[in-house]
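Q: Sequence unavailable; structure follows:
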Ligand SMILES: NC(=O)c1ccc[n+]([C@@H]2O[C@H](COP(=O)([O-])OP(=O)(O)OC[C@H]3O[C@@H](n4cnc5c(N)ncnc54)[C@H](O)[C@@H]3O)[C@@H](O)[C@H]2O)c1
Ligand SMILES: N[C@H](CO)Cc1c[nH]c[nH+]1
Ligand SMILES: [Zn+2]
């Protein structure tokens, strides 16, 4: 981890630059695969699954036998943990439902909005380096609560053509019935265009690597809606001397182990703590099975010693981390000043892993600074809001002249007439 002490504001964006990916040719390659999927459907899906995932699949959809076998293979302890997490995710997202509230903006003019589920949703569950069955819960549970009629899930097949049993268990538990063994561009293309076996979705959700991200961006131009740019995981920890260096190191490593392109950042006002965290990272890293990935990610990671608290707040808001951990004595006060972050974890006993798995909040969050403008996945992501209005004759008499004046000023005579004709009729009826 590179260390910086009180860096000037003018250097922040350079110091905190996210790992640069070589995207030369990426969009052309991905567009080429998407075009072929659009034209050739399932046969293109099979071709690219063989090329990118090394499996020759006859059937793309998970079969009844595979569902049953998965249920048998998952250990009871894991099933219980998944059920606990699902329960909390359901509670948190269920509480995001809103009631219809009719507003009388003027006497006789009533307006309201109704939440309507997006009919068909496609969920992508990454599977390249780890079977992220927790992401199944994060996407499928809110989709079910929202009332989406069709939920399709795609995830990359393993080398033996199977889907990890915990992914299938979590999918069944969350109410998903259609799972396809498709990863990367194949999955996104299939759900965007629809093929012989994969139904077309209205909106595609889920994180993924650069191929997944590029494919989502390309199909969103004129084919299908997408949730947000959710790429390589990242965490920023802000800590003072009240924090525990071992806890901080474990939080940093928890996101570093996601992949070589993840980024973790520690900001502290205490140089001694910074040194202790470094020592703890070295100690804990040794025991990690994904040490190699975490080590690579630590190379893009940064440790900043900064004394001024307002500067720390400015730095958080400029970086807009996917995850922010506040391990300082005054974390509640500090949290009030954060306006750019995907999800915030408060105090020494709130590890970021809690939000990744089981506390109830969603872990599909905006990365790469997109927290400046996007929220993480939530119930609203699966919902459209339709507005309704009803105007009585009395209401139109009150509001009509303003509409007529505005329409005339915009030189839109037909708009004006739609009111004028009605007002004339009301006057006639009134005699
Ligand atoms: N932001 C979030 O909310 C969030 C949540 C979970 C995971 N993540 C991130 O998601 C990512 C998951 O990535 P992953 O790679 O493990 O899994 P993935 O499922 O996103 O990608 C695997 C697929 O990539 C495709 N692929 C691989 N090499 C290719 C190539 N050369 N050309 C074309 N396609 C190719 C393959 O089809 C494969 O199935 C990580 O970066 C992780 O940090 C983010
Ligand atoms: N931290 C990831 C989101 O950035 C989500 C995840 C899934 N499993 C473990 N972690
Ligand atoms: Zn994680």
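A: Received, thanks. All values reported here derive from a predicted model rather than from experimental measurement. Numbers count the residues shown, from 1 in each chain. Ligands and ions are numbered 1, 2, ... in the order given.
Q: Quick check: which element contains the closest residue to residue 269 other than its chain neighbours?
A: Nearest residue to residue 269, sequence neighbours excluded (Cβ to Cβ, 6 or more residues apart in numbering): residue 307, at 5.1 Å. Every C-beta, even on glycine, is put in place using the N, C-alpha and C of the backbone. Taking DSSP states H and E as the definition, residue 307 sits outside all helices and strands.
Q: Equivalent analysis for the one 4 residues further on, please.
A: According to DSSP H and E, residue 311 maps onto helix 309-319.
Q: and that helix, what does it pack onto?
A: Applying 3 or more Cβ pairs under 8 Å, 6 or more residues apart in numbering; DSSP states H and E, one finds that helix 309-319 contacts helix 9-15, strand 234-239, strand 263-268.
Q: Now it: buried residues?
A: 309, 311, 312, 313, 315, 316, 317, 319 (16 or more other Cβ atoms under 10 Å).
Q: cool, and stretch 287-299?
A: For stretch 287-299, by 16+ other Cβ under 10 Å, it's 290, 293, 294, 296, 297, 298.
Q: picking that back up, ok, residues contacting the helix holding residue 311?
A: The contact list for helix 309-319, computed with Cβ atoms under 8 Å, 6 or more residues apart in numbering, reads 9, 12-13, 16, 236, 238, 265, 267, 269, 304, 306, 324, 334, 337-341, 369.
Q: Thought residue 142 was touching residue 378, still the case?
A: Yes. The pair residue 378 / residue 142 is scored as a contact, 6.8 Å apart, by Cβ atoms under 8 Å.
Q: Now do the shared contacts for these two.
A: 93, 362.
Q: Those two: who's more crowded?
A: residue 142 (28 against 16; other Cβ atoms under 10 Å).
Q: secondary structure class for that one?
A: Following DSSP: H, G, I helix; E, B strand; the rest coil, the label given to residue 142 is helix.
Q: just the helices in the stretch 101-250 of the chain please.
A: 133-146, 165-174, 184-193, 210-219, 245-256 (DSSP state H, counting those that start in this stretch).
Q: Any buried residues in stretch 216-232, and which?
A: Counting neighbours by 16+ other Cβ under 10 Å, stretch 216-232 gives 216, 218, 219, 220, 223, 224, 226, 227, 228, 230, 231, 232 as buried.
Q: if I pick the first one, what's in contact with it?
A: Contact analysis of residue 216 by Cβ under 8 Å, 6+ apart lists 188, 204, 208, 226, 229.
Q: which phi and psi does the third one have?
A: Dihedral pair for residue 208: phi 170, psi -180, per degrees, to the nearest 10.
Q: Can you report how many residues neighbour the closest residue to it other than its chain neighbours?
A: Leaving aside its chain neighbours, residue 208 sits nearest to residue 126 (5.0 Å; criterion: Cβ to Cβ, 6+ apart). Residue 126 is flanked by 22 other residues according to other Cβ under 10 Å.
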